[in-house]
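I'll drop the sequence and a predicted model, then ask my questions.
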Amino acid sequence: MASLRTADKLEVGQPGRGVVRMLRCILFAGLALLLLFGSGHAARAHTVTTNDGTVYEGKILSQSDKEVVIDTTFDGQKVIPRADIKRLDDGVPPMREQLAYRAKTALDAKGRWDLYRWAKDKGFKTELKYILEAIVDVKPNDKRARKLLGHKQVEGTWMTPAEEKRFLEKKFDDEQRAKGLVPYEGGWVTPEERDAREKGLRKDGDDWVTEEEYHRRRGERLVGGKWIKLGEAEGKALTDRLVREGRLKVAYHWGPHFDAHAEVKPALAKRIVDASEKAFAVMRKTLKPTVDDYPETVDERLHLFLMKKLPGFVRQATWFDKTYDVNSLTPGWKNAIQRQHSWWHVQDIRAVGAYQFPNTDKTFVSNVVHNVGLLLLTRYKANFAFPSVWLREGFAYYLEMEALGYTQSFTLGSGGGSGGGAGGKTPAWADSSKWRQALKQVVDQGQDPPLRRIAKMTVDQFRYPQLVKSWSVVDFLVKWNRAKFQEFITVSKDRSKTEEEALKETFGVNYRKLDAKWRAYVSAGFTLP
């Protein structure tokens, strides 16, 4: 016996397929005739009422003196003993035949909506879907029918959930390909990433590196099949020496490239180590050092001596001088230390020392990171060629601004030792968030100090305008051409050439021409031409 379920076999409910739509319309209109005349041999009774009052509605398939078999509309076939039957009623056609009969005349949207409501009221469920699809056949933009079917309007076209899924997947795939991406392992990646992954490389920032390099950058080395922290044992040993010989209460904190020996609270020590690691990452991204440019070995690890107040700072510096004989390299170093908040050192051991009081945590972090920047640039290319004040200060501030987003190291007064800082009182424009505004004002007024004059200054001659311009010039050179900036630093580390000669060789400009380009950059709102 045919029914609306037959539509499944004809793929009813796929709007837009011409042949199928035509077949469904024929089926829908002719179904009543098939049902009414296609099984004339069956009995005419359509309901069976049992002695207990239960009513079975459907189509009688067979009956005898012993039993009656009825195909119920909603509950399948039932076999009912004749003795249990109170009454057989053939006055009303089975509901499926009624449904088919009504379908015969429901040829427009209104008629099919009436059919839908009748079928729903009578308890039909599965058949409702096909009626809704028939409504959509004659009225494709019937929103109510579409929504009841679970369709959505996507970019002006009604779609089934399956069609929407296929459409959106294709759209997404097309967008990814338009971006130059390729499918790989269930996702979309650049051709470079696909090739790198196929070679077994891992992503580290902007670089694709080997597994070994990935761990090396994190201060780890492979021992016995396990990656362990490089320098941890040596760093702890140095802390123990400082406690024992320097009579200081310091604790050890490990980082991939830094060993902190801290008198300050652990949370602050960790914050400083993390900030220093960010500065190291900026240095790596900017200068792209090879293992020869900056060896990442136990001996090349950077040490941070983080003290609370001046007495502990002096005691630590005294121990440091005795241990590494700093005073022979920089006469008067021990005395100078007592007049400053920080120092940095590159000979024998790479180290930064600083104390906090009375500065805030934020200022203390800034001060240490600045000194780290001075140390990193000086140690770059694995030599001890000291860049000029403007370049090393500018680079240190550049690392601070990139790693921290601010700098407060200029509030600490003048520097000393093998490092440097700025003297004088803090002017109103010393807030690093206002540096660009302050620079633009002095440039527009023609009052910024010439770079050629800045390049000849000693650290004690630097003031805030010189420091801030040094930062901005470094920032400008990196933005102008990072690869050329790396080359400029490499050439400038050659003691046989001045930094101006290195600029000419790499960027093709001298100090005067660099000033002109930088001023145009500042006047344009710090926008490259």
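Happy to help now that I have it.

domain ranges for this structure?
Using automatic domain parsing, the domain parsing of the chain gives 1-43+91-148, 45-89, 229-523.

tell me the mean pLDDT over the shortest one?
Model confidence over domain 45-89 averages 85 on the pLDDT scale.

okay, buried residues for stretch 221-232 please.
Buried residues in stretch 221-232, counted by 16 or more other CB atoms under 10 Å: Arg221, Trp227, Leu230, Gly231, Glu232. Any C-beta I mention is one placed from the backbone N, CA and C, and that applies to glycine too.

biggest separation within these, which pair?
Trp227 and Gly231 (13.4 Å; CB to CB).

so where is the stretch 51-200 of the chain shaky, pLDDT-wise?
90-92 (pLDDT under 70).

where do the helices of it begin and end?
Secondary structure of the stretch 51-200 of the chain, counting by DSSP state H, counting those that start in this stretch: helices at 95-105, 109-122, 126-138, 143-148, 161-178, 191-198.

highest mean neighbour count out of those helices?
Mean neighbour count (mean count of other CB atoms under 10 Å) peaks for helix 126-138 among the helices of the stretch 51-200 of the chain, with a mean of 21.

what is it packed up against?
helix 18-37, helix 109-122, helix 143-148 (3 or more CB pairs under 8 Å, 6 or more residues apart in numbering; DSSP states H and E).

try 10 Å this time
Secondary-structure packing of helix 126-138 (3 or more CB pairs under 10 Å, 6 or more residues apart in numbering; DSSP states H and E): helix 18-37, helix 95-105, helix 109-122, helix 143-148.

so Lys285 sits right up against Phe485, yeah?
No. In this structure, Lys285 is not within contact of Phe485 by CB atoms under 10 Å, at 11.5 Å.

joint contacts of the two?
Taking CB atoms under 10 Å, 6 or more residues apart in numbering as the contact rule, Lys285 and Phe485 both touch Val478.

enumerate every residue touching Ala281.
Ala281 makes contacts with Asp204, Gly205, Arg217, Pro256, His257, Leu399, Glu402, Ala403, as judged by CB under 10 Å, 6+ apart.

which of the three states applies to it?
With DSSP: H, G, I helix; E, B strand; the rest coil as the basis, Ala281 sits in helix.

read off the pLDDT value for it.
Ala281 is given a pLDDT of 93.

relative to Arg144, how far out is it?
With the distance defined as CB to CB, to the nearest Å, Ala281 ends up 58 Å from Arg144.

which non-adjacent residue is nearest Ile80?
Using CB to CB, 6 or more residues apart in numbering and skipping residues adjacent in sequence, the residue nearest Ile80 is Val68, 5.0 Å away.

which residue packs closest to the residue in the chain sticking out farthest from the centre, ignoring adjacent ones?
Going by CA atoms, centre = their mean, the residue of the chain most distant from its centre is Asp65, 78.3 Å out. Excluding the flanking residues, the one nearest Asp65 by CB to CB, 6+ apart is Arg82, at 6.0 Å.

report the contact partners of the one you found.
By CB under 10 Å, 6+ apart, the residues touching Arg82 are Gln63, Ser64, Asp65, Lys66, Glu67, Val68, Leu88.

list only buried entries from the residues you listed.
Neighbour counting with 16+ other CB under 10 Å marks Gln63, Val68, Leu88 as buried within the contacts of Arg82.

Lys285 and Phe485: which has the busier surroundings?
Higher neighbour count among Lys285 and Phe485: Phe485, with 20 against 14, using other CB atoms under 10 Å.

please enumerate the shared neighbours of Trp227 and Gly231.
Joint contacts of Trp227 and Gly231 (CB under 10 Å, 6+ apart) are Gly219, Arg221.

can you tell me which residue sits nearest the middle of this structure?
The centre of the chain sits closest to Gly205, judged by CA atoms, centre = their mean, with a distance of 11.3 Å.

and that one, what is it in contact with?
By CB under 10 Å, 6+ apart, the residues touching Gly205 are Arg217, Ala281, Val282, Arg284, Lys285.

between the contacts of Ala281, which is nearest Ala516?
Using CB to CB, the contacts of Ala281 come closest to Ala516 at Glu402, 25.4 Å.

from the chain's centre, how far out does the one helix or strand the closest one maps to sit?
Per DSSP states H and E, Glu402 falls inside helix 389-403. Centroid separation between helix 389-403 and its chain, computed with CA atoms, centre = their mean, to the nearest Å, is 27 Å.

ok, back up a step: adding distance to Glu500, write the helices of the stretch 51-200 of the chain out as a markdown table.
Shown next, in a markdown table, are the helices of the stretch 51-200 of the chain (distance: least, CB to CB, whole Å):
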| stretch | distance to Glu500 |
| --- | --- |
| helix 95-105 | 93 |
| helix 109-122 | 84 |
| helix 126-138 | 78 |
| helix 143-148 | 74 |
| helix 161-178 | 46 |
| helix 191-198 | 37 |
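
Gln316: which of those is closest?
Comparing the helices of the stretch 51-200 of the chain by CB to CB, helix 191-198 comes nearest, at 44.7 Å.

counting contacts, what elements does that closest one pack onto?
Counting contacts by 3+ CB pairs under 10 Å, 6+ apart, helix 191-198 packs against strand 182-184, strand 187-189, strand 202-204, strand 207-209.

run me through the strand neighbours of the third one, direction for each.
Each strand that pairs with strand 202-204, with its direction, by DSSP bridges: strand 207-209 (antiparallel).

next, the buried residues of the partner strand.
For strand 207-209, burial by neighbour count (16+ other CB under 10 Å) applies to Trp208, Val209.

quick one: mean pLDDT for the next helix or strand after that strand?
Following strand 207-209 in sequence order, the next helix or strand is helix 211-217 (DSSP H and E). In this model, helix 211-217 carries a mean pLDDT of 82.
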